[in-house]
Each structure stands twice: as structure tokens, then as C-alpha cells.
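J.: Sequence first, predicted model second:
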Amino acid sequence: MLHSTLNVTAFQTFMIDTEIKLPRSYSSILHESKQIGFSMPSDLQTGSLLRTLVGAKPAGKFLELGTGTGLSLSWIVEGMDKNSHVVSIDTEEKYLSIARNVFESDPRVSILCMDGATWIKENKTSKLDLIFADAWPGKYNTLDETLALLKVGGFYVVDDMLPQSNWPDGHAEKAEKLIRYLEGLDYIQLTKLNWSTGVIVITRIK
């Protein structure tokens, strides 16, 4: 029970999850993104969660599927230590050029313009500490192959699992099918967060 002298309403202000410290590179990437009309940034809350999870994996190896312009990548990089490495993949060089301009001098970051499913199939022996699947590869296709890359204790994160205004017809059924499939796997622990854009966090346990 809360102490009787505690002002509950005032205390709740400490738990406002929209007051988030942004990564150092976030504002410049956002500005450049708006300049080219990029309108698919990850939610700030999701970014903050990624930064926290990445921070739990010293000398970690991370994969982002769906770089976009590098907004979510900025959260991942912000959480990494000096011995970590992230591979971030997208198929749109127009967007990737913004991310490259920001991160090309950071040896911990590899940005690739290619199909994510191809990378997954070509790197079957990789063992990763965190995978953020923000594109169809690793989420709606090549899912089993992607999860096979995850170390025991590693995190798999997907967002946009709550209905979005830009979902095409039939996408809600695909999202529901994905959730039900993940819930049926016996080698993971899964938490669904009805928060932000709808986030699922998985830990591989065997």
C-alpha cells in the first residue's frame, strides 16, 4: 500500500513514458528524414526499449531488419558498448544514405543495402544477442531462420503489432497469425506489450 502522505497524482508524473531522452544523433536524422518525405519512423517508446535491451548485452552482436533512415538504429547504437557490433539492413538506398552519413565512421556499425531474407539465409551460423525485425524479412517471412540466429538469452523484438493506419487490407490477419505462431513456440519466453505501437519481446531459452 502506498504511504498515506504520498501524492499519487504527483508521483505518476515520474512515470510518464513520453518524456524520453533522445539519442545524440536522433534529431539530425529526423530532420533529414522529413526532408525526403520519410514517414515511417519507429515509435520513441520502442526506441527507448531497444536501447535498454541492447545495454543488457555487453560486447553484443545485433541485427536490425529495416533500417529506414536510421532512426531506430540510433537507439541501438546509443545502447551499445565499445565492443558491440550491429548489422542494419534495408533495400532502399535513398533512405540508407541518411543512416550512412551519420554512422559510416563508426566501426561498430555495418549498414547493408540488400534483401534481409538473403542476409539471413547467408549467415545461418551467426549467433546474435538481439534482433529487431522492423521489416517483412525476419517477421512475416524467414521467421524460423531468423529466430535460429538468436543466442540462448538473446532478445527478438517486433513492433507495429497493434492496428496501424497504414496497414493494407488483410494485414491484421497476418499480424494475428504471427502472434499465434510465436505463442506456440516452445523454445522461447514471450511478452506482449499493449503499449507504444504494439511490441512483442521474445527471449530464447533453449
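T.: That came in fine, so what should we check first?
J.: Under the pLDDT cut-off, which ranges of the protein? List them.
T.: Residue ranges of the chain with pLDDT under 70: 1-12.
J.: Which parts of it are strands?
T.: 61-65, 85-90, 109-113, 128-133, 150-158, 188-193, 199-204 (DSSP state E).
J.: Please name the bridge partners of the residue nearest to the spatial centre of the chain.
T.: Residue closest to the mean C-alpha point of the chain, counted by CA atoms, centre = their mean, is Phe132 at 3.6 Å. Each beta-bridge partner of Phe132 is listed here, defined by DSSP bridges: Glu64, Val157.
J.: re earlier: now the strands of the chain in a markdown table, please, with extra columns for distance to Ser25.
T.: Placement of C-beta: from N, CA and C, glycine included. Listed next are the strands of the chain as a markdown table, based on distance: least, CB to CB, whole Å:
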| stretch | distance to Ser25 |
| --- | --- |
| strand 61-65 | 15 |
| strand 85-90 | 13 |
| strand 109-113 | 11 |
| strand 128-133 | 17 |
| strand 150-158 | 20 |
| strand 188-193 | 25 |
| strand 199-204 | 22 |
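J.: Give me the distance between the residue nearest to the centre of the chain and Gln164.
T.: 17 Å (CB to CB, to the nearest Å).
J.: Likewise for Thr67?
T.: Taking CB to CB, one finds Thr67 at 19 Å from Gln164.
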